[in-house]
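Student: Give me a model of this one.
(chains A, B, C and D)
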Number of protein chains: 2
Amino acid sequence: MVKEGDRQTEEKIFKAATDVFEEKGFAAARMQEIADRAGINKSLLHYYFRSKEQLFGAVFPPLVMKMFEKIFSIFMLDVPFEEKIRMYYDEHINIFIKNPNLPIFILNEVAHNPDLLKKFSYEDFYSRMRNNVFQMHSSEFKKIGIEGKDMPQLMISVVSLAIFPFIARDMVQMFVPQFKENKAFIAFMQERKTFAADFVLSAMKNFKK
Amino acid sequence: MVKEGDRQTEEKIFKAATDVFEEKGFAAARMQEIADRAGINKSLLHYYFRSKEQLFGAVFPPLVMKMFEKIFSIFMLDVPFEEKIRMYYDEHINIFIKNPNLPIFILNEVAHNPDLLKKFSYEDFYSRMRNNVFQMHSSEFKKIGIEGKDMPQLMISVVSLAIFPFIARDMVQMFVPQFKENKAFIAFMQERKTFAADFVLSAMKNFKK
DNA sequence: GTCTATAGAAGGATAGAC
DNA sequence: GTCTATCCTTCTATAGAC
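Tutor: Residues are numbered from 1 along each chain as shown, chains lettered A, B, ... in the order given. Have a look, this model is predicted:
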């Protein structure tokens, strides 16, 4: 029978590991720091998760889900495209305001180890989403000259506008020094919800003219 | 007097270090691997560049310049905005096709050590660029309702569309499996030069209607 | 300037007591 | 299940011969 303390400790480790990996990245993360933040010692880490790799393997997938499930769920909704776009920017930017280094962390880890994505099988989401989005709005899209082959360019553009500012935050801060204040940067991203939606919808309106 | 061999060796080290850091990132890069690729041994690395940090410090700034000087030089040109946008996507995407992991590398390193940007003083580029771009095109912009305060949102959007696909390449490959073939991904990015330009220009055309 | 050999430090992992 | 002590490997860095 599992003691109550077990789950608690495992939970503390999991939380600490999530934070440290997300902040530092896999290569720079230290088991010592994870142990410290969890309020235990290194040995106990290895008792619960045999190795650094295993610990990372436990922590990583939920973070990927946190990053992507909103995209999927929103784009699969059966609502008008404009509403979908506005919902997407609202909710996804909210997630990144709460987890500002989630995107750079995930994308950097994946870039150095593409196998990390193998767990998330292609059929699960991606093809379904791409096809459904186009079919749902095909009549809207046809009017403005957007075809199935344009979908990748379009979808990637939509997502770019939400995620990139968080990835390039330090560069953005050089460009606009006020954003060194966290408050100001967040205000900028709040404003971006409507800016990005307007931008995309406006672009699509007369794209093929 | 400096021997000829010196510069050659230093150059080989510099090149090897650039490659390894760019591929692996600072934390995961190994001095041994740099030495191997340079065709020398570890001791000689330390003879030329006292420490890993110093070597990195020598290698990093030129890479930042490679990433950004095109943005600056093109946006400072005195040509119509549309031409500027098309030139920008053409040239910047070309750079990333040749250096696909430059963006994720730089942005990840900077995110974990913001001091890396201190060498690139704010006054050098950023404020000049932001102001000049707006003033150059203020009459064009005024017609379509774009104001000075919109500039950060606009500029960041423009850059997002070029850089993000390279940062998120593995995700993009899940979304469009064909892009696992390098040829197909590059074709996609070639096509993106005009897609992104059309997208931005179309968005701006009736942004405030 | 370049090498071999080795020191020294750090970090991941395990043994064993409680 | 948790701790202390310690091992082992990896990596950075230096000493010293040529």
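
Student: my guess is A:I186 contacts A:K98, does it?
Tutor: No. Using Cβ atoms under 8 Å as the test, A:I186 is too far from A:K98 to be in contact (10.4 Å). C-beta: built from backbone N, CA, C; applies to glycine.

Student: So which of the two has more stuff around it?
Tutor: Neighbours were counted for A:I186 and for A:K98 using other Cβ atoms under 10 Å in any protein chain shown; A:I186 has more, 14 against 9.

Student: Name the nearest residue to the more buried one, sequence neighbours excluded.
Tutor: A:I97 (5.8 Å; Cβ to Cβ, 6 or more residues apart in numbering or on different chains).

Student: quick one, what contacts the one you found?
Tutor: If a contact means Cβ atoms under 8 Å, 6 or more residues apart in numbering or on different chains, then A:I97 has A:186, A:189-190 as its contacts.

Student: Mind checking what helix or strand follows the host helix or strand of it in sequence?
Tutor: In this assignment (DSSP states H and E), A:I97 forms part of helix A:81-98. Sequence-wise, the next helix or strand downstream of helix A:81-98 (DSSP H and E) is helix A:102-112.

Student: Tell me how far the helix or strand just after that following helix lies from the chain's centre.
Tutor: Using DSSP H and E, the next helix or strand after helix A:102-112 towards the C-terminus is helix A:122-136. Averaging C-alpha positions (Cα atoms, centre = their mean, to the nearest Å) puts helix A:122-136 18 Å from its chain's average.

Student: between the helix holding A:I97 and helix A:122-136, how many degrees?
Tutor: 140 degrees (axes from the mean of the first three to the mean of the last three Cα atoms, to 10 degrees).

Student: what secondary structure does A:A58 sit in?
Tutor: helix (DSSP: H, G, I helix; E, B strand; the rest coil).

Student: hang on, it packs against A:F49?
Tutor: Yes. The pair A:A58 / A:F49 is scored as a contact, 6.2 Å apart, by Cβ under 8 Å.

Student: Mind listing what's buried along the helix holding A:I97?
Tutor: For helix A:81-98, burial by neighbour count (16 or more other Cβ atoms under 10 Å in any protein chain shown) applies to A:81, A:84-90, A:92-93, A:95-96.

Student: okay if I get these as TSV plus distance to A:I146 and pLDDT?
Tutor: Formatted as TSV, the buried residues of helix A:81-98 follow (distance: Cβ to Cβ, whole Å; pLDDT from 0 to 100):
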residue	distance to A:I146	pLDDT
A:F81	10	96
A:K84	14	97
A:I85	13	98
A:R86	18	98
A:M87	20	98
A:Y88	17	98
A:Y89	19	98
A:D90	23	98
A:H92	21	98
A:I93	24	98
A:I95	27	98
A:F96	27	98
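
Student: low-confidence ranges in chain A?
Tutor: Applying pLDDT under 70 to chain A flags the ranges A:1-5, A:122-124, A:209.

Student: Now do A:H112: how many residues are near it, please.
Tutor: 19.

Student: ditto for A:Q54
Tutor: A:Q54, neighbours per other Cβ under 10 Å, totals 12.

Student: Quickly find the element holding it.
Tutor: helix A:52-76.

Student: quick one: stretch A:139-156 near chain B?
Tutor: Yes. Contact between stretch A:139-156 and chain B, assessed by Cβ under 8 Å from any Cβ of the partner chain, occurs at A:150, A:152-153, A:155-156.

Student: Can I get stretch A:23-37 as CSV, trimmed to CA atoms?
Tutor: Extracted in CSV, the C-alpha atoms of stretch A:23-37 (Å, rounded to 0.1, in the frame of the first residue of the first chain):
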residue,chain,number,x,y,z
GLU,A,23,13.9,27.6,-16.6
LYS,A,24,17.3,26.2,-17.5
GLY,A,25,16.7,23.6,-20.2
PHE,A,26,17.7,20.0,-20.0
ALA,A,27,21.4,20.4,-20.5
ALA,A,28,21.8,23.2,-17.9
ALA,A,29,19.4,21.8,-15.4
ARG,A,30,21.0,20.3,-12.3
MET,A,31,19.7,17.4,-10.2
GLN,A,32,21.0,19.2,-7.1
GLU,A,33,18.8,22.2,-7.8
ILE,A,34,15.8,20.1,-8.4
ALA,A,35,16.4,18.3,-5.1
ASP,A,36,16.9,21.6,-3.3
ARG,A,37,13.7,23.1,-4.6
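
Student: Show residues contacting it.
Tutor: Stretch A:23-37 has contacts (Cβ under 8 Å, 6+ apart) with A:13, A:16-17, A:19-21, A:41-42, A:44-45, A:52, A:55-56, A:101, A:105, A:108-109, A:112, B:24-25, B:27-28, B:108, B:112.

Student: Pull out the buried residues from it.
Tutor: A:24-26, A:29, A:31, A:33-35.

Student: and if you look at stretch A:133-141?
Tutor: Residues of stretch A:133-141 classed as buried: A:133-134, A:136, A:141 (neighbour count, 16+ other Cβ under 10 Å).
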